[in-house]
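> One predicted model, sequence on top.
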Amino acid sequence: MSERSEKKLVNEDEIFSIVFESVEQGILLFKVIRNSCNRIIDFEYVHVNRWAELLLGNTRTNLIGRRQIEEYPYLKDVGVFDSQVKVIETGESIKTDFFYGFQGLNRWYKNGMIKISETELLVTFDDITKQKEADIELENLQSIFLQSQALGKIGSYEWNFVTRKLTLSPEMIEILCSGTIKNVDAISLESHPFEEFIHPDDREKANQTIKNAIFDHKPYDIEYKVLCPGDIIKYVWSRGKVFYSNQGKPIKIISTVLDITEWKRSKHESQRREILLTLAEGMANIGSYEFDIEHNSAIWSDQLYRIYGYEPNEFDPKEDNIFMVVHPEDKEYIKKLFTESTFIEDEFEYQFKFIRKDSTQGVSYGKARVFRDENKQITKITGFVQDITERVKMLEQLKSLNAELESRVNNRTKELSISIDNLKMLNASLDNYAYIISHDLRAPLSVIEGLVPFIKQECQTRSMDEEGMKMLDMVVGKVEDMKNIIEEVLKTAKRQKQIKEPVNLLNLCQDVLTTLNPPSHFHIHISHSLPIVTYNKSSLKQILQNLIGNAIKYMDKNDPDIKIGSIETDTYYQICVRDNGSGIPEDKLSIIFDRFEIAHTKENIESHGLGLSIVKQLVEANAGRVGVESELGKGSNFYFTIPK
């Protein structure tokens, strides 16, 4: 087996262990026991998770290695054994409920049975007694099925701001208990289209959500109550998105609405467990934890103890004990993070150095999720921690290699700079040569052109024959021809400077960055989807050098971030240079492209106010337009268009 395959198996085992121990649901792994006739006669316990121990009231030490029917013979009477046999023989998974009405139990369990192989069976089970009792109070067991159907129906709507048209799906009409909106024309851009149906307590929240979604350009996610005729209240969960025109104007909202009334009333815990399981399955080689704020308790998974070099449950994960694994340099950071972030964000990430039991150091990455009650009070924090020590070491090695490469690039840049200077000198020489030719030829031609009339006048007084006069006229014609040739030479030299050719914008931006050589701590992202355009390469390079150079020159943030990307329409490409720098005052936005206009006031930055005016001239000379969007203190977005 290759090293890669072995590592994959190790990761899969660790993921299985994390999920197996973290999920608040009983999980059992059985080995199939057959007799000499190959008939299944029992199942032997192979693995038992922590939650199964609690539900069974038995320990894994007592169960592993024993047979299920020998330990719990009444499972045959309930039908559990027959169902497990059926799963192994048919390969079809089973999910069903069983009532255990013996030995004083009187409890319901939800069982899931999955065939792993011909010799292995995975069984999940959970105590759903409270859920069943709630269902019985809501009339009968059949209502569970009906509520599940209702939960599966998702309504949707489209509110078009331009046409003032509101389109509802049939399920949406059912959720609202109505088929019509009284006055569609009265709906404003900043209010919820169903404002008249929303419970008065939630109208302001719903309107504010729509307003924020429109002006923040972000999807929205909201829960609110719908008031139906007869004072019937429904709880709904709505998610939507606003769509915009190319000019950035909002066009319409498309949203889905889910009726969660029954889910709210029954207060099922299944959603929380599914979230925990999904997070656990989505990560590899991690430890998990849970802080119960209400009961001031904490739970660590076995893997989390192992990350820090301890045996599972070697110490009680209380606050003082938890901080003993955090490196002294990061203790204040972690304390501050778990006090400030939990009150602000529902989900956050963090990274810190830790000290293992054997005193070795490492680096870990974590992700936490905050749960709140209906009063927005924090009730629980769950999360995962991953050991990224090796990854950090690799990044440090990469930084070292990058520094070496950067040095090589700088040396190469200097060589290229010399070559570029030589080319500029050659180009200037060619321009000068064209000028000299035109000047040196024009001067004698002008003299000849001026003398011919005098010669003709003199010849007429001396009776020159007709042939001589024709030759003088021929001289005049040839002088005119030579003037045209000189003019054409000058025009050709001028046209040569405006030759357009296919230009790969991605390569050109990389060349510009090589020339500008920004500091190493700048984060500059060039989109790989930049197009190939037809343009004068030197003009396009001058435009990009000015825009990217300004973004670097006027950067005032500790974490500089510059993005170079494009937007394609039917008629043009829009090239954008976006930064998170100091931004431009609002009163300067309309004149920033004028000559000698400077947006900043910093004395340590040299600027003549010509760069952006040159950009404007070059862009408009190529049938494009240039503009800027900026917010003071947050950054700017310069853009220009290139016709297709």
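That came in fine, so what should we check first?

> measure stretch 513-527 end to end?
With Cα to Cα, to the nearest Å as the measure, stretch 513-527 spans 14 Å from end to end.

> I misspoke; the intended subject was stretch 576-588.
End to end - Cα to Cα - stretch 576-588 spans 19 Å.

> Ok, stretch 223-239 next?
Start and end residues of stretch 223-239 are separated by 9 Å (Cα to Cα).

> How about it, which residues are buried there?
Residues of stretch 223-239 classed as buried under the neighbour-count rule (16 or more other Cβ atoms under 10 Å) are 224-227, 234-238. Where you see a C-beta, it was placed from the backbone N, CA and C, and this is true even at glycine.

> now those in a markdown table, with secondary structure?
Shown next, in a markdown table, are the buried residues of stretch 223-239 (DSSP: H, G, I helix; E, B strand; the rest coil):
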| residue | secondary structure |
| --- | --- |
| Tyr224 | strand |
| Lys225 | strand |
| Val226 | strand |
| Leu227 | strand |
| Lys234 | strand |
| Tyr235 | strand |
| Val236 | strand |
| Trp237 | strand |
| Ser238 | strand |
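
> Of all pairs in the residues you listed, which one spans the longest distance?
Greatest spatial distance among the buried residues of stretch 223-239 (Cβ to Cβ): Leu227 and Trp237, at 16.4 Å.

> now the buried residues of stretch 223-239 in CSV, with pLDDT?
Below are the buried residues of stretch 223-239 laid out as CSV (pLDDT from 0 to 100):
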residue, pLDDT
Tyr224, 91
Lys225, 91
Val226, 90
Leu227, 89
Lys234, 89
Tyr235, 90
Val236, 89
Trp237, 90
Ser238, 90
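
> Tell me the one of these nearest Tyr554?
Proximity of the buried residues of stretch 223-239 to Tyr554 (Cβ to Cβ) peaks at Ser238, which lies at 42.1 Å.

> Beta-bridge partners for that closest one, please?
Taking DSSP bridges as the rule, Ser238 bridges to Ile222, Val257.

> distance of the most centrally placed residue in the chain from Met324?
Taking Cα atoms, centre = their mean, the centroid of the chain lies closest to Lys218, which sits 12.3 Å from it. Per Cβ to Cβ, to the nearest Å, Lys218 is found 41 Å from Met324.

> now swap in Gly383 and tell me
Taking Cβ to Cβ, one finds Gly383 at 18 Å from Met324.

> And for Ser255?
Between Ser255 and Met324 the distance is 49 Å, computed by Cβ to Cβ.

> ok, those two, which is more surrounded?
Ser255 (23 against 12; other Cβ atoms under 10 Å).

> Would you mind confirming that Cys459 makes contact with Leu472?
Yes - applying Cβ atoms under 8 Å as the test, Cys459 and Leu472 come out as touching, 7.0 Å apart.

> all strands for the stretch 151-300 of the chain, in order.
Here the stretch 151-300 of the chain has its strands, by DSSP state E, counting those that start in this stretch, at 154-160, 165-168, 220-228, 232-244, 250-259, 286-292, 297-300.

> and the gap between Tyr310 and Trp300?
In terms of Cβ to Cβ, Tyr310 sits 9 Å off from Trp300.

> And those two? Which one has more around it.
Neighbours were counted for Tyr310 and for Trp300 using other Cβ under 10 Å; Trp300 has more, 23 against 16.

> Settle this for me: the more buried one is touching Tyr289, isn't it.
Yes - using Cβ under 8 Å, Trp300 is in contact with Tyr289, at 5.1 Å.

> Tell me what Phe638 is bridged to.
Beta-bridge partners of Phe638, as defined by DSSP bridges: Val577, Val628.

> contacting residues for it?
547, 550-551, 576-578, 626-628 (Cβ atoms under 8 Å, 6 or more residues apart in numbering).

> Of those, which is the most crowded?
Ala551 (27 neighbours).

> check contacts around that residue.
Going by Cβ under 8 Å, 6+ apart, Ala551 touches 562, 577, 579, 581, 636, 638.

> Could you confirm it falls within a strand?
No - with three-state DSSP as the criterion, Ala551 is assigned helix and is not in a strand.

> do you know how far it is from Trp237?
Taking Cβ to Cβ, one finds Ala551 at 42 Å from Trp237.

> Lys241 is in contact with Pro250, correct?
No - counting by Cβ under 8 Å, Pro250 does not reach Lys241; the two are 10.8 Å apart.

> so where's the stretch 301-450 of the chain shaky on pLDDT?
Along the stretch 301-450 of the chain, segments meeting pLDDT under 70 span 416, 419-447.

> which stretches of it form helices?
Under the criterion DSSP state H, counting those that start in this stretch, the stretch 301-450 of the chain carries helices at the ranges 302-307, 319-322, 331-344, 389-461.

> before we move on, back to that, out of the strands of the stretch 151-300 of the chain, indicate the one that is most buried.
strand 286-292 (a mean of 21; mean count of other Cβ atoms under 10 Å).

> So what touches it?
Against strand 286-292 from outside (Cβ under 8 Å, 6+ apart): 18, 22, 276, 280, 297-307, 317, 379-386.

> what angle do that strand and helix 331-344 make?
If you take axes from the mean of the first three to the mean of the last three Cα atoms, to 10 degrees, strand 286-292 sits at 60 degrees to helix 331-344.

> tell me the mean pLDDT over strand 286-292?
Average pLDDT, strand 286-292: 85.

> For the stretch 51-200 of the chain, which segments count as helices?
Using DSSP H, counting those that start in this stretch, helices in the stretch 51-200 of the chain cover 60-63, 68-71, 75-78, 80-90, 129-137, 142-152, 170-176, 200-216.

> Looking at those helices, spot the one closest to Ser613.
helix 200-216 (32.5 Å).

> Strand 232-244 and the closest one, what's the angle between them?
Going by the same axes, to 10 degrees, helix 200-216 makes 10 degrees with strand 232-244.

> Report the buried residues of helix 200-216.
202-203, 206-207, 209-211, 213-214.

> name the helices or strands packed onto it?
Helices and strands touching helix 200-216, by 3 or more Cβ pairs under 8 Å, 6 or more residues apart in numbering; DSSP states H and E, are strand 220-228, strand 232-244, strand 250-259.

> Let me have these in a markdown table, extended by distance to Tyr100.
Below are those laid out as a markdown table (distance: least, Cβ to Cβ, whole Å):
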| stretch | distance to Tyr100 |
| --- | --- |
| strand 220-228 | 36 |
| strand 232-244 | 33 |
| strand 250-259 | 33 |
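
> among those strands, which is nearest Ile334?
Nearest of the helices and strands packed on helix 200-216 (Cβ to Cβ): strand 220-228, 29.1 Å.

> which helices and strands sit right next to that closest one?
helix 170-176, helix 200-216, strand 232-244.

> Show the average pLDDT along stretch 27-46.
Per-residue scores along stretch 27-46 average to 93.

> what does stretch 193-213 give?
89.

> from the chain's centre, how far out does that stretch sit?
28 Å (Cα atoms, centre = their mean, to the nearest Å).

> Just the CA trace of that stretch, in PDB.
The C-alpha trace of stretch 193-213 is given here as PDB (Å, rounded to 0.1, in the frame of the first residue of the first chain):
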ATOM      1  CA  PRO A 193     -43.600  43.100  -0.500                       C
ATOM      2  CA  PHE A 194     -45.700  41.200   2.000                       C
ATOM      3  CA  GLU A 195     -45.700  43.900   4.700                       C
ATOM      4  CA  GLU A 196     -49.500  43.700   5.100                       C
ATOM      5  CA  PHE A 197     -49.300  39.900   5.900                       C
ATOM      6  CA  ILE A 198     -46.300  40.100   8.300                       C
ATOM      7  CA  HIS A 199     -47.100  40.200  12.000                       C
ATOM      8  CA  PRO A 200     -46.800  43.800  13.400                       C
ATOM      9  CA  ASP A 201     -44.000  42.800  15.700                       C
ATOM     10  CA  ASP A 202     -41.800  41.700  12.800                       C
ATOM     11  CA  ARG A 203     -42.700  44.300  10.100                       C
ATOM     12  CA  GLU A 204     -39.900  46.700  10.900                       C
ATOM     13  CA  LYS A 205     -37.300  43.900  11.000                       C
ATOM     14  CA  ALA A 206     -38.600  42.500   7.600                       C
ATOM     15  CA  ASN A 207     -38.500  46.000   6.000                       C
ATOM     16  CA  GLN A 208     -35.000  46.700   7.300                       C
ATOM     17  CA  THR A 209     -33.800  43.300   6.000                       C
ATOM     18  CA  ILE A 210     -35.000  44.100   2.500                       C
ATOM     19  CA  LYS A 211     -33.500  47.600   2.600                       C
ATOM     20  CA  ASN A 212     -30.100  46.200   3.700                       C
ATOM     21  CA  ALA A 213     -30.200  43.500   1.100                       C
END
